[in-house]
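fold the stuff below for me.
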Amino acid sequence: MKIYRLETVQKLPISQKEAWDFLSDPKNLKAITPDYMGFEIVSGAVEKMYAGQIIQYIVTPVLNIPTRWVTEITHVDEGNYFVDEQRFGPYSLWHHKHFIKPIENGVEMIDIIDYKIPFGILGQMVHPFIVAPKLKEIFEYRKQSLNELFGEYI
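Coordinates of the predicted model:
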């Protein structure tokens with residue numbers, strides 16, 4: 001069983017509270033997700049995030065095929081970090097940690113995603129050509145969108 005990891009780091013010129021308020025609101029995820037993903041929240045997007053929260057989405061990550069994605073918010077340390085885990089969706093494992101820490105003149109956001117793709121050896125063979133580049137593209141889009149919303153860290 002192969003588990004992959006994607007780590008991203010981004011600095012923004014905003015307060016920790018501003019970063020938390022935006023990132024911890026599931027309704028804001030659409031604004032930082034590429035349009036072609038067809039991202040729609042089906043249920044569970046209440047205003048305040050909490051451990052145990054179940055959120056259902058529809059996404060179209062590959063070949064325009066709508067896919068239901070169900071995540072659970074498993075850990076919340078308000079203002080500092082939260083963890084979402086896939087309960088149903090395209091991955092065999094999806095564990096996404098979001099960290100927000102104050103730095104001089106802003107915040108540093110760190111995303112650590114540990115994931116496993118289905119289909120055994122076939123999944124491992126397509127990972128470097130399809131899955132890894134697609135995830136990097138999605139998180140690069142997220143980074144650009146956040147820079148447009150909040151400005152670039154200098």
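
just grab the bridge partners of the residue nearest to the spatial centre of the chain for me.
Closest residue to the average C-alpha location of the chain: residue 96 at 6.7 Å, with CA atoms, centre = their mean. Beta-bridge pairing for residue 96 (DSSP bridges): residue 84, residue 113.

check contacts around it.
83-85, 111-113 (CB atoms under 8 Å, 6 or more residues apart in numbering). C-beta coordinates here come from the backbone N, C-alpha and C atoms, glycine included.

check residue 5 too.
Applying CB under 8 Å, 6+ apart, the residues contacting residue 5 are 112-115.

buried ones in the helix-or-strand element of the chain with minimal mean pLDDT?
Every helix and strand of the chain was ranked by mean pLDDT, DSSP states H and E. The lowest is helix 120-126, at a mean of 90. Residues of helix 120-126 classed as buried: residue 123 (neighbour count, 16 or more other CB atoms under 10 Å).

coming back round to it: got TSV for the contacts of residue 96, with pLDDT, neighbour count and distance to residue 13 too?
Output for the contacts of residue 96, formatted as TSV (pLDDT from 0 to 100; neighbours: other CB atoms under 10 Å; distance: CB to CB, whole Å):
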residue	pLDDT	neighbour count	distance to residue 13
83	98	18	26
84	97	20	25
85	98	16	31
111	98	17	18
112	98	16	23
113	98	18	25
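
for the residues you listed, which one is nearest residue 6?
Here the nearest of those to residue 6, counting by CB to CB, is residue 113; it sits at 4.6 Å.

measure that closest one to residue 17 for me?
Counting by CB to CB, to the nearest Å, the gap from residue 113 to residue 17 is 24 Å.

next: residue 97.
Counting by CB to CB, the gap from residue 97 to residue 17 is 20 Å.

which residues does the top helix by length along the chain contact?
Assignment by DSSP state H gives helix 132-150 as the longest helix of the chain. By CB under 8 Å, 6+ apart, the residues outside helix 132-150 that reach it are 4, 6, 8, 10, 12-14, 18, 22, 31-34, 37, 61-62, 109, 111, 113, 115.

quick one, which of residue 97 and residue 17 is more surrounded?
residue 97 (17 against 13; other CB atoms under 10 Å).

which residues touch residue 52?
72-74.

just the closest of those residues to residue 48, please.
residue 73 (10.7 Å).

can you show me the strands along the chain?
Ranges of strands in the chain, per DSSP state E, are 4-12, 40-43, 54-59, 67-77, 81-88, 93-103, 106-116.
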